Each structure stands twice: as structure tokens, then as C-alpha cells.
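**Q** Below are the sequence and a predicted model for it; my questions follow.
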Amino acid sequence: MNEDVKTTMQEGDPNSNHNTNKDLDYVIETLAAGTVEEKSNLLEELRTGETSDVTLIHPLVDCLENEHSRAVKERVLMILNRLMPLSEFREADRMLRSSDPFVRNGAVEIIQKSDIPIIRFLEKLAGDRDKDVRKFVIDALSREKSEQAIEIIRAHLDDVDTNIVYTAIEYLGNFEDTGAAVKIEKILLASDNFMVICSGLEALAKIGVSGRREEILKKFMNGTEESVTTFPLLKYLGAFGGGEVFDYVSALLDKNPTMFTKEIIDAVSAVLKNNDGLALTAGLRRKLEALQETTDNSVNKYAIAKLLMKSSDSGADSSDQLEKARRMLQDRNPMMQLCAVEMLADIGETSDIEQLEEIAEHTDSDELLEAIGDAVMKIETRD
């Protein structure tokens, strides 16, 4: 490449006429019909010369679409990475519509890597006829929690493509967008698509608003099928449920006591926290106690023990709880010991300190040591 062409590529400006027709023709011809070596040499000169001439975008994208050499395509992308943000992502929409996955992914990479705000570009593409382009728009906006981004994603709740609808619901849930709650409820209650149902239930749980709670509970709590919708339903129940949740999870435990253990514990704990004065039913307590005894999962065993401790009947004898904590302290399972220590922190007596300190001498668990230290301080302060 001659020095005049190289200088043009280095100093090009979108608003200048530095390029001669000969220079541009040379670039277009080489990118379109040159050998792999000729293209590589030209692209290397453009790259090292740090060209800023955005008129090169079109022939570069043409080359990207038609080229078979992976090495050449990757060099083209390196130059487009620099040029496209200078031109408000000129021809990025064309790349997103390409039948070549490399070209589509290249456009996504260019846009995601850019430090320049892309909201105006994405807004133009939000109503694109290509569903993959619309999907890309909301995926890109999911990382930008701004009112403008949220409004664009909200508009896709009415998208004709179901995949885009449930993706939009998911992102609005992550944004905790209270303004979308009513529309999400409407979609949820009208849909029989399990992905829409899952995303809708989970989104509402995150948002924390559900004016049509009774309708949703009536629709989705009729059975105890082990379906994929059970997991998000338990999250919804944790956010909005009351005493009716206990019968539902009891039925789940009867059908399969291990499949939903963590989700049941989380849901029941949340319900108790959100409803002052509500207590576990005797039947559910017995099932949780049985599960605590039989499960091999230490984390679940600990979580159940803690739940049962916090949900003790108001009329229960505190001495029973204290004796239970002391027995658990002798358990060989570190998670059960941790639960016992946390219980003793709340209800333990001075006579328990010696046993706590003995446990501390024989454990290598930093978490357990820290909990014992906290428990001893609380007991001493209380007594």
C-alpha cells in the first residue's frame, strides 16, 4: 500500500474529504477480491495506523460477510471495534441481521465493549422486524438500569414473540420495576406458557408488588405437581403467601420430601417473617422435624433446625428449646453445632459458656468460632 493511501487511512475523518476515490477504490477492491495475504496486509496497516475513517465501515462489513478466512474476519472486527462507536454504530444493525453467526456475535461484542452510550442506537432497533434483533436489544439493555432502558424493555411485554416477552419479564423483575407489576400479572394470569409463568412468578416476587395475589394463588396452588413452575411459585408464595402456604408445602413434602427442600424452607421462613403472629401448623412442623432427622444435606438440616427454632409456638416451654439446643451442640455435624450455638446465643444460660468454650477448643471452623464468640458475649451481657 502506498504512503498516500496509508496516510489517508491514518488521518481519515468522518467529516473530511481526505480519501481520494482511488484510495477508497483500492480498499474496496482489496477487501472484496484480494487474496488472504493482501487483505491481511491491508487490514494490518489500517489497524496499526489507527484509522478513524468511518467511510471504511461499509466495505469492512461487506468483507466480514463474504470472507471465509477466520484470521481475516478477526482482523476486520478489530478495526470495526474502533470505528463503529465513532459513527453511532453505523451498520451494526446490518451485522445483527446477518445469517453468519460470527458477524452477529461480532456486532454484539462491539456494542458491549464500547464505552459510548448505546441507548439511542438500541432504541432505534427496539421495534425491528427481526425477533433476534429485538431480543438483542433487551439483552443489551438488561445491564443499564435507567428509566429509558426500563421503558424500552416494558414495551416488549407486548412483543409478538413469547421468548422476548418472558425475557422482558425476567429483566424487569431484576430491576424490581414496580411500574411493570400490573402488566406482568395480566400476562401471567392469561398465559399457559411455562416459561412465561416461571418468569412472571419470580419477577413479581422480586418486585414485591402483586395486587392480584388471590387470583394468582387460586390459579397456581390447585395442585402439587412436580413441575418446573413449582420452584418460582414457592418464591412467589414466600413474598405474598400466608397460612395457606403451609398446607401447600405439606402436600409437596408428602409427594417428594427432598426435591423442593431448600425452596420450601425459604418460602416458609419468608411467610413467617412477613406475617406477625403466624405459627407453623402442627402437621408441617412434624414433617419438617422428620425431614431434619433423615436428610443427609447438612445445609438443609441446619436451615430446618433454625426455622423450627424461630417458629416455636409462643406457648412452648423455653426450657424445651434450651435442652434441644444443648443436645444439638453435641451433634457431630458442624452445621447442627452452628445452629445450636446460634440458639444458645438467644436463650442460653451462663452454665452453657463452659460447653461452648470446650467446643471452640476442638473446632477448626472459623464460622463456628465466630458464632461461639458472639454467643458467649450475648449470654454474659444478658445474665
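**A** Looks like it arrived, so ask away.
**Q** residues making contact with stretch 116-135?
**A** The set of residues that contact stretch 116-135 without belonging to it, under CB atoms under 8 Å, 6 or more residues apart in numbering, is 85, 88-89, 92-93, 96-97, 104, 111, 136-137, 140-141, 144, 146, 148-149, 152, 155-156, 159, 161, 163-164, 167. The C-beta positions use only the backbone N, C-alpha and C, and glycine is treated the same way.
**Q** change it to 7 Å
**A** By CB atoms under 7 Å, 6 or more residues apart in numbering, the list of residues contacting stretch 116-135 from outside reads 85, 88-89, 92-93, 96-97, 111, 137, 140-141, 144, 148-149, 152, 155-156, 159, 161, 163-164, 167.
**Q** Check which residues of stretch 58-70 are buried.
**A** Along stretch 58-70, the positions that meet the burial threshold by neighbour count (16 or more other CB atoms under 10 Å) are 59-65, 67.
**Q** rewinding a little: take the contacts of stretch 116-135 and keep only those in helices.
**A** 92-93, 96, 111, 137, 140-141, 148-149, 152, 155, 163-164, 167 (DSSP state H).
**Q** nearest to Thr381, of the residues you listed?
**A** Of all the ones in helices among the contacts of stretch 116-135, Ala149 has the smallest distance to Thr381: 49.0 Å, by CB to CB.
**Q** Neighbours of that closest one, how many?
**A** Neighbourhood size, Ala149 [other CB atoms under 10 Å]: 21.
**Q** Glu170 versus that one, what's the distance?
**A** As for Ala149, its distance to Glu170 is 14 Å (criterion: CB to CB, to the nearest Å).
**Q** likewise Glu44?
**A** From Glu44 over to Glu170 the distance is 43 Å, taken as CB to CB.
**Q** And these two? Which one has more around it.
**A** Shown here are Glu44 and Glu170; by other CB under 10 Å, Glu170 has more neighbours (20 against 14).
**Q** OK, contacts around the more buried one?
**A** For Glu170, the contacting residues are 199, 203, taking CB under 7 Å, 6+ apart as the criterion.
**Q** what's the pLDDT at it?
**A** Reading off the per-residue confidence, Glu170 sits at a pLDDT of 97.
**Q** measure it to Leu201 for me?
**A** Separation of Glu170 from Leu201 (CB to CB) stands at 11 Å.
**Q** Ok, Ala107 next?
**A** Noted for Ala107: a distance of 34 Å to Leu201, by CB to CB.
**Q** for Cys339, same thing?
**A** Counting by CB to CB, the gap from Cys339 to Leu201 is 30 Å.
**Q** residue ranges with poor pLDDT in this structure?
**A** Within the chain, the stretches falling below the threshold (pLDDT under 70) are 1-22, 223-226, 312-318, 383.
**Q** any idea which helix is longest in it?
**A** Among the segments of the chain that qualify as a helix by DSSP H, the longest is helix 366-382.
**Q** so what secondary structure elements neighbour that one?
**A** Helices and strands touching helix 366-382, as assessed by 3 or more CB pairs under 7 Å, 6 or more residues apart in numbering; DSSP states H and E, comprise helix 334-347, helix 353-361.
**Q** So which bits of that helix are buried?
**A** Of the residues in helix 366-382, 368, 371-372, 375-376, 379 count as buried by neighbour count, 16+ other CB under 10 Å.
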